[in-house]
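Undergrad: When you get a sec, could you give me coordinates for this:
(chains A and B)
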Amino acid sequence: MTATSETSDTFATGSSTSPATAPRTARPLPRFVAPAAGIAVAVLLWWFATTVLVAPPNLLAAFAPQRALPALADLATSGVLLDDVLTSLRRLLGGLLLAALVGLAVGLTAGSFTTADDATRPVFGFLRMISPLSWAPVAIGLFGIGHRPVVFLVAAAAVWPVVMNTVAGVRSVEPGHVLAARSLGASRGEVLTSVVLPAIRPHVLTGLRLALGLAWVVLVPAEMLGVTSGLGYEILNSRDQLAYDKVMAVILVIGLLGYLLDALARRLLRPA
Amino acid sequence: MGTVALRLTGAEKAYGDRPVLAGLDLEVRRDERLVILGPSGSGKSTLLRVLAGLEPLDAGTVEQPDGAVRATVFQQPLLLPWLDVEANVRLGGRYRANRGRYSDERASELLELFGLAPLAKSRPAQLSGGQAQRVAIARAMAVGADVLLLDEPFSALDPATRIDLQAWLRDAATRLGLTLVLVTHDVDEALYLATTVTALDGTGGRAGTWPVGAAPEHDELATHPLRAELVASYRSQLAGTS
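TA: All right, here's what the predicted structure looks like:
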C-alpha cells in the first residue's frame, strides 16, 4: 500500500511543472526500488517453494534457482541455447509477418465494405475463439513436419488482433478526409495511401503489439509438435532427459525474451 | 463576364422519393462570383457536390466547356491531422490527376499570399478556425484550380472571423482572377460575396437569379436594395419546404 502511494507521488512530481503538490514527510523512493523488490520477492518465493518446502528426491527441487542458473549457463556455453533462440525468433518473425500481411489485407477489405464486414463478422468471431493449437493436426497434415506448421500456427494466433484493429481503424477514418482527398482528384488507390493508411497507423500498431504477445505465447507449445529445434522443443527434450533444471532454465529464457520483445514492441510500435 | 466555366443541364437528383434537383439548369461564368442561396435542406450542398464532380446525377450533365479545373472547400477544413500545414497544402500534388498543373512553388506562393507562411510547420490542431479554413482554401487552389467551389465555408466560424474571411476571400478572388461558386444560407454573406445570386426554390428548381452590381461593404448590407427581395424569396422557400 505504501509502496504504491510512494510511486504515484514520484509520478506526480516528475510530470507536473509545479512541485508544490501536497508535501509529504516521507521522501519518495527512487522508481526502480519497487520493481526490484518485486523481483526479489518472486525469486525468494521460487527458492522457498523448491528448496525449503521440498527435498531433493522430490522432482520440484530440480527447479530451484540455484539449479536452474547453472543449467542455463551450461545451455548457453554449449551453443544449444543460442541456436534454439534464433530458430524460435525466426519462426516468430515469419508468423508475425504473415499475420501482418494477411491481417492488413483482410482488415482493409472488411473495414471498407459494409457487406464484407457483415459477411465476415460471424465467421471471424467463431475462428478467433478457437485456440490456434487446435489446428496443429491440420497444420501438420497440410505442411508436414518442420518450420512451416509452426509458422502457420503462430500466424493463426497473431492474425486476429491485426484484423480486428485494422477494421476498427478503417471504420474510424473521418469520411470528410476521404471526401477532401477525392475533391483534390485522388483515385481510390491514392485515397488509400494518402488518407486511410496514415489514419489507421495507430490502430495497426496496437494490433501488431497485441499480435506479438499472442504469437510468443503460441510459439512455444507449437514447437512441441513435430519439430526438433526451438525453445519449445528444448523444454520437451530436457524433460525427456529428466533434466528438470534445464526445463526451468529454458522457461526463464522464454519469459525473459518475451519480456524484452514486448518492451521492444512498445518502443518501436508506439502510436503517433 | 467571360465564357462559361461550368454548365449544368437538366440536372436531376433524388434521395429516395425526395427530389433534390429537378431539371435544374445553371451556368457558371468565368470570373463571376456565383452565390447559391437557400435554407438547409434546399439541395444547395448537393448542387455544389454535383458541380464539383463528387456526386453523380440521376439525369442531366455537368460540363466544363473550356476545361476549368475545379476544387472544393467544405464547411469543415478537413485538414489531415497527421500532416503539417505545408504538407496539407501540398496534398493535391501527390495525386496523378494533378500532374502538370500542381507545383510546389505555387503551393509555397499560396502560403505566402494567404499569410500562412509562419504557420507552415504547425499541425492543424494548433490552428484557429479561420486559419484552418484559409489552409483548406490554399490546399484547394494549389492543384491549379481556377474554379473554387465552397460549401458554407464560413458557417462554422465566429461572426468576427467570418466577416474577416469574407472580405479576405472577395479580395483574393479579385486579385487572383478566381471564379467562385459558394453556397450559403446567409443572405448578407451572399450579398457581400456575390456578383450573381441564385436562390433555390426548395423543390429542386430555381427561385430567381439577381446580379448584385457594385460590391457592397459590410455596413451597407442592411440597406442594400436587393436585400429585401432576397429575404422575401428565402421566406417563400421556407414556407415551401416546411
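Undergrad: Give me the helices and strands touching the longest helix along chain B, please.
TA: The residue-count maximum for a helix in chain B (DSSP state H) belongs to helix B:159-176. Secondary-structure packing of helix B:159-176 (3 or more Cβ pairs under 8 Å, 6 or more residues apart in numbering or on different chains; DSSP states H and E): helix B:129-141, helix B:187-193. (Glycine included, C-beta is placed from N, CA and C.)
Undergrad: do you know which of the ones you listed lies nearest B:Gly16?
TA: B:Gly16 sits nearest to helix B:187-193 of all the helices and strands packed on helix B:159-176, at 29.3 Å, using Cβ to Cβ.
Undergrad: Which residues of chain B lie near chain A?
TA: Residues of chain B lying close to chain A (Cβ under 8 Å from any Cβ of the partner chain) are B:52, B:54, B:71-72, B:74, B:76, B:78-80, B:82, B:91-92, B:94-98, B:136, B:139-140, B:143.
Undergrad: Tell me the buried residues within those residues.
TA: With burial judged by 16 or more other Cβ atoms under 10 Å in any protein chain shown, the buried subset of the residues of chain B next to chain A is B:52, B:71-72, B:74, B:76, B:78-80, B:91-92, B:94-95, B:98, B:136, B:139-140, B:143.
Undergrad: mind listing the helices in chain B by residue range?
TA: Under DSSP H, chain B gives helices at B:44-51, B:85-89, B:104-113, B:129-141, B:159-176, B:187-193, B:227-241.
Undergrad: now the angle between helix B:104-113 and the fourth one, please.
TA: I take that to be helix B:129-141. 150 degrees (axes from the mean of the first three to the mean of the last three Cα atoms, to 10 degrees).
Undergrad: Count the neighbours of the nearest residue to B:Asp201 once chain neighbours are set aside for me.
TA: Of all residues not flanking B:Asp201 in the chain, B:Ala207 sits nearest, at 4.1 Å (Cβ to Cβ, 6 or more residues apart in numbering or on different chains). Here the number of neighbours of B:Ala207 (other Cβ atoms under 10 Å in any protein chain shown) works out to 20.
Undergrad: Look up how far chain A lies from B:Ala207.
TA: 27 Å (Cβ to the nearest Cβ, to the nearest Å).
Undergrad: returning to that earlier point: out of the helices of chain B, which comes closest to A:Leu260?
TA: Nearest of the helices of chain B (Cβ to Cβ): helix B:85-89, 35.7 Å.
Undergrad: Which elements pack onto that closest one?
TA: Counting contacts by 3+ Cβ pairs under 8 Å, 6+ apart, helix B:85-89 packs against helix B:104-113, helix B:129-141.
Undergrad: quick one: terminal-to-terminal distance for stretch B:63-78?
TA: 27 Å (Cα to Cα, to the nearest Å).
Undergrad: average pLDDT for that stretch?
TA: What stretch B:63-78 shows for mean pLDDT is 89.
Undergrad: Quick check: can you list the domain ranges of chain B?
TA: B:4-68+B:146-241, B:81-144 (automatic domain parsing).
Undergrad: so can I have CSV of these showing distance to A:Val154?
TA: Formatted as CSV, the domains of chain B follow (distance: least, Cβ to Cβ, whole Å):
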stretch, distance to A:Val154
domain B:4-68+B:146-241, 44
domain B:81-144, 31
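Undergrad: A:Arg201 is nearest to which of those domains?
TA: Across these, closest to A:Arg201 is domain B:81-144 (Cβ to Cβ), at 7.9 Å.
Undergrad: Figure out which of the helices and strands packed on helix B:159-176 is closest to B:Asp25.
TA: Per Cβ to Cβ, nearest to B:Asp25 of the helices and strands packed on helix B:159-176: helix B:187-193, 20.0 Å.
Undergrad: Could I get the CA-only coordinates of the closest one as PDB?
TA: Extracted C-alpha coordinates of helix B:187-193, given in PDB (Å, rounded to 0.1, in the frame of the first residue of the first chain):
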ATOM      1  CA  VAL B 187     -28.400  36.500 -47.100                       C
ATOM      2  CA  ASP B 188     -25.800  39.000 -46.000                       C
ATOM      3  CA  GLU B 189     -22.900  36.700 -46.900                       C
ATOM      4  CA  ALA B 190     -24.500  36.200 -50.300                       C
ATOM      5  CA  LEU B 191     -24.800  39.900 -50.900                       C
ATOM      6  CA  TYR B 192     -21.300  40.700 -49.800                       C
ATOM      7  CA  LEU B 193     -19.500  37.900 -51.800                       C
END
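Undergrad: Now do the buried residues in that helix.
TA: B:Val187, B:Asp188, B:Glu189, B:Ala190, B:Leu191, B:Tyr192, B:Leu193.
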